[in-house]
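> okay, sequence plus prediction incoming.
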Amino acid sequence: MSACEVCGEDVAELQACRQCGVRFCTECGYFNKHLCLDCGSIEEESQEEEAEDVLEESTQIEGEKTYGETPEQNEEIKSALK
Ligand SMILES: [Zn+2]
Ligand SMILES: [Zn+2]
């Protein structure tokens, strides 16, 4: 049996945090994320990065968008941009 490095409790199962390496029990971190409570909450705050990824994706879709309403208009605008 090993002790949780966060609360000092002897528990059967410990997980090592992938950020800071602290070994924590189920009470002291997120087993599914491999993160202690501290690093897990930082992770949640950095969700903005994920939002940016989504934005980039939608920008790519935007780039494939046609310029005009009809294919004719589209060609006209495209040749005007050259
Ligand atoms: Zn603990
Ligand atoms: Zn950590």
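Thanks, I have it. Ligands and ions are numbered 1, 2, ... in the order given.
> next helix or strand past the helix or strand bottoming out on mean pLDDT in the chain?
The weakest-scoring helix or strand in the chain, judged by mean pLDDT, DSSP states H and E, is helix 47-64 (a mean of 61). Next in sequence after helix 47-64, counting helices and strands by DSSP states H and E, comes helix 71-81.
> partner residues bridging V11?
On the basis of DSSP bridges, V11 is bridged to S2.
> where's it relative to ligand 2, distance?
Distance, V11 to ligand 2, by C-beta to the ion, to the nearest Å: 17 Å. Just so you know, the C-beta spots here come from the backbone N, C-alpha and C atoms, and that holds for glycine as well.
> and what of C28?
Taking C-beta to the ion, one finds C28 at 9 Å from ligand 2.
> that residue against G8, yeah?
No - C28 is beyond contact range of G8, at 9.8 Å (criterion: C-beta atoms under 8 Å).
> the more surrounded of those two?
Legend: neighbour count by other C-beta atoms under 10 Å for C28 and G8, higher for C28 (23 against 9).
> pull up the gap between the more buried one and Q19, please.
13 Å (C-beta to C-beta, to the nearest Å).
> okay, and the common contacts of these two?
C36 (C-beta atoms under 8 Å, 6 or more residues apart in numbering).
> what does this protein put close to ligand 1?
C4, V6, C7, C25, E27, C28 (C-beta under 5 Å from the ion).
> ok, these vs Q15, which is closest?
Among those, C25 lies closest to Q15 (C-beta to C-beta), at 7.9 Å.
> ok, now which ones touch that closest one?
C4, V6, C7, E9, V11, E13, L14, Q15.
> okay then, goodbye and thanks.
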